[in-house]
Each structure stands twice: as structure tokens, then as C-alpha cells.
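In: sequence and computational prediction follow.
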Amino acid sequence: MNKITLIFFFALIIYSCGEKQVKPELENITASGELPSQESWNAKVLFTDNGILQAILYADHLKIFDQQKVTLLDGVKIDFYNTEGKKTTTLTSLRGKVDDITKNMFAIDSVVAVNDSGVVLKTSELMWRNKDRKILTDKFVTITSSKEIIKGYGFTSDEKLSNYVIRNITYISSISQEQEKK
């Protein structure tokens, strides 16, 4: 009886030590099937021009795809700086994308930008265009300042949110009118 138990025990050990082929789960595959060439968590990227700080990008998760020339971001925050090194605007979004050729940045989902004067921009998606440092979108936007609230479709601005245009305004109200309604 002991011999049978001993043989059974060794057979079980040999069987369980056999080579199993486990397929790992593949995450972060884009539509083309490309895996990221680089990934980073809690990333901080500085953007400079001739040694002058232009912006700091913070991302919870950053994935670089070399073949597609694109960087995907999760948990995005960008601080923009003026030529004197003073922070002028902060932009946040749940997701983002950087075109690695043009260096244009797209903020996607729950986008909020706030400048140092208290102007707040809210939208679902926008683009920061690198060549002229403009912020733009064709989506619905809400701009809130100390004086007014403006809502509409289509938006273009400098990155400081100090000179902006809303193309199709659907609502405008002064803050004093809003406070009287409350």
C-alpha cells in the first residue's frame, strides 16, 4: 500500500512540474496592434524652448508608440508658463494624446483649464496646437470669469486663456445677473 501511495505521490509531483504554457494578457495594444515602446507611471515631462520653461506635463500613465508616432496619457495635468517663468494656466483631463511629429497635444474627457486670473474653461475635448501655442476645440465649451459665464460651440484662445473667441454662443450671462437669480 505504501508503494502505491509513494508511486502516486511521485507521479503527481512529476505531472505538476510539467511545463505549462501560459499566455500573458496583453494590455495597451492600440488599433494597429503595436505595443508601447516605453511606459511610465507618475511621469513628469518638461517642455522648454531655448532653455526657457514653457510647460510641465504630469501624467499618471504615459505610453509611447514609436511606429504610430503618438504618446497616450492617462490622468493629465499641464502647467503652462510665460517667458518670465510664471505659471499662467493649468489644464487637466482624464486622458490625452500627443502627436509626436507635430507636438500637438489633445486633452480628452473632463477637460478643465484655469488661468491665473480665475478664468475657467470646461469642455469634453480640446487641442493645444504647438506651432502657434493656441488652444482650440469645436466642442461645447463653458467659460466662467469673475464677470460672466459664456457657453457655446467652437473655441480658440491663447494658452493663457486671456484672449479667446467662442464661435457659436448659446448662452451668455453676467455674474451679477446669476447672483440675482439665486
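Out: Done, it's in.
In: CA atoms for contacts and neighbours, from now on please.
Out: Will do.
In: residues near residue 75, how many?
Out: 15 (other Cα atoms under 10 Å).
In: show me what whichever strand or helix holds it pairs with in its sheet, parallel or antiparallel.
Out: Residue 75 is part of strand 70-81 when elements are defined by DSSP states H and E. The strands beside strand 70-81 in its sheet (DSSP bridges) come out as strand 52-65 (antiparallel), strand 87-99 (antiparallel).
In: buried set for it?
Out: For strand 70-81, the buried set under the neighbour-count rule, 16 or more other Cα atoms under 10 Å, comprises 70, 71, 72, 73, 74, 76, 77, 78, 79, 80, 81.
In: centre of the chain to that strand, how far?
Out: Here the centre of strand 70-81 is set off from its chain's centre by 4 Å, with Cα atoms, centre = their mean, to the nearest Å.
In: now that strand: average pLDDT?
Out: Taken as a whole, strand 70-81 has an average pLDDT of 94.
In: any chance you could list what contacts that strand?
Out: Contacting residues not belonging to strand 70-81 are listed as 53-65, 87-101, 107, 159-160 [Cα atoms under 8 Å, 6 or more residues apart in numbering].
In: I'd guessed residue 42 sits against residue 59; true?
Out: Yes: between residue 42 and residue 59 there is a contact at 5.7 Å, judged by Cα atoms under 8 Å.
In: alright, calling it a day.
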